[in-house]
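Visitor: Sequence first, then the predicted structure, then my questions.
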Amino acid sequence: MSSIFGAASIPFIGCITLLASMVLQILSYAAPFWASDNNGNFGLWRKYRCISGTDGSFNEDLGCYKQDHPWYIGDWLDAVRAMESLAIIFWAIPLVIIPVYMYVADGLYYRCTLGTMTSLTLLGAICNLIGFLVYSSKIANNSSWSTGWCFIICVIADAIGFLSFAIFLVSTCKRPKFVLDEDRHYISEFYNIPPGRNDLCAIDTGVPFKDGSILNGNH
């Protein structure tokens, strides 16, 4: 894959894993199936309940409905909402910036950009972790509650988020090796100034100018 994407191969893999994590995160964020009790299911924003039949069992034919949580809901749920919302925000930024970086990374290496995106990915994963830990503690304190599939999806999304962080961290720490031949001229307007610092770097395109080119001084 490195031969296809060049210097952007590792960020590309990290972006794919982060995208998968974001899809799962949004799914768990919106659906009302984080936990359930004898009355129905509920999530971060809504409750999902079905009208029970005469025998006490749930019967979808009698009708189901979704209802928003009341405004006086506990502070613990507001804390979970805040953490999960921050996770989405922090993960959305790298998903926008990294593709732009990949567009130019075929000829550039910019550690500051990768480092910032790596930090945001880690912050999002930590916020997600705090959110579902608070929710799990609430489930543990209520014997009538059971874990829903949205909660499990959120945990999986967080695990993939930490994986994305690890991939971006490797990409940040691994500087591409550039070998420049002083006897050749390269088609690039970017140079490493100076080589030991984290500035813009030129990657060898491997395309020398022709001997008759005016850029070679032969005209």
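Guide: Nice, I can see it.
Visitor: Could I get the full set of helices for this protein?
Guide: Along the chain, counting by DSSP state H, helices occupy 2-5, 9-30, 75-104, 111-140, 149-173.
Visitor: Could you point out which of these sits nearest residue 40?
Guide: helix 149-173 (13.7 Å; CB to CB). No exception for glycine: its C-beta is placed from N, CA and C like everyone else's.
Visitor: by how many degrees do the closest one and helix 9-30 diverge?
Guide: Here the directions of helix 149-173 and helix 9-30 differ by 160 degrees (axes from the mean of the first three to the mean of the last three CA atoms, to 10 degrees).
Visitor: For helix 149-173, buried residues please.
Guide: For helix 149-173, the neighbour count (16 or more other CB atoms under 10 Å) marks 150-151, 153-155, 157-158, 160-165, 167-169, 171-172 as buried.
Visitor: Could you do stretch 79-86 as well?
Guide: 80, 81, 83, 84, 86.
Visitor: Kindly report the same for stretch 84-96.
Guide: Buried, per 16+ other CB under 10 Å, within stretch 84-96: 84, 86, 87, 90, 91, 92, 94, 95.
Visitor: Other residues contacting it?
Guide: 15, 18-19, 21-22, 25-26, 28-29, 44, 117, 120-121, 123-125, 127-128, 131, 154, 158, 161, 168 (CB atoms under 8 Å, 6 or more residues apart in numbering).
Visitor: Out of the helices of the chain, the one nearest residue 39 is which?
Guide: Across these, residue 39 has its closest neighbour in helix 111-140 (15.2 Å, CB to CB).
Visitor: okay, the angle between the closest one and helix 75-104?
Guide: Angle of helix 111-140 versus helix 75-104, following the same axes, to 10 degrees, is 150 degrees.
Visitor: Among the helices of the chain, which comes closest to residue 38?
Guide: For the helices of the chain, proximity to residue 38 was assessed by CB to CB; helix 111-140 is nearest, at 14.5 Å.
Visitor: What is the neighbour count of residue 100?
Guide: Other residues within reach of residue 100 by the criterion other CB atoms under 10 Å amount to 10.
Visitor: From residue 94, how far out is it?
Guide: Counting by CB to CB, to the nearest Å, the separation of residue 100 from residue 94 is 11 Å.
Visitor: try residue 73
Guide: Taken as CB to CB, the span from residue 73 to residue 94 is 31 Å.
Visitor: Using CSV, lay out the helices of the chain together with distance to residue 50 and mean pLDDT.
Guide: Shown next, in CSV, are those (distance: least, CB to CB, whole Å; pLDDT from 0 to 100):
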stretch, distance to residue 50, mean pLDDT
helix 2-5, 49, 45
helix 9-30, 19, 92
helix 75-104, 22, 90
helix 111-140, 21, 92
helix 149-173, 17, 94
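Visitor: Residue 167: what's its closest spatial neighbour, skipping adjacent residues?
Guide: Of all residues beyond its chain neighbours, the one nearest residue 167 is residue 14 (3.6 Å), with distances taken as CB to CB, 6 or more residues apart in numbering.
Visitor: Columns distance to residue 9 on top of the buried residues of stretch 79-86, output as TSV?
Guide: Shown next, in TSV, are the buried residues of stretch 79-86 (distance: CB to CB, whole Å):
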residue	distance to residue 9
80	36
81	37
83	32
84	31
86	29
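Visitor: between the residues you listed, which is nearest residue 145?
Guide: residue 80 (13.9 Å).
Visitor: I'd guessed that closest one sits against residue 137; true?
Guide: No: the pair residue 80 / residue 137 is not scored as a contact, 10.2 Å apart, by CB atoms under 8 Å.
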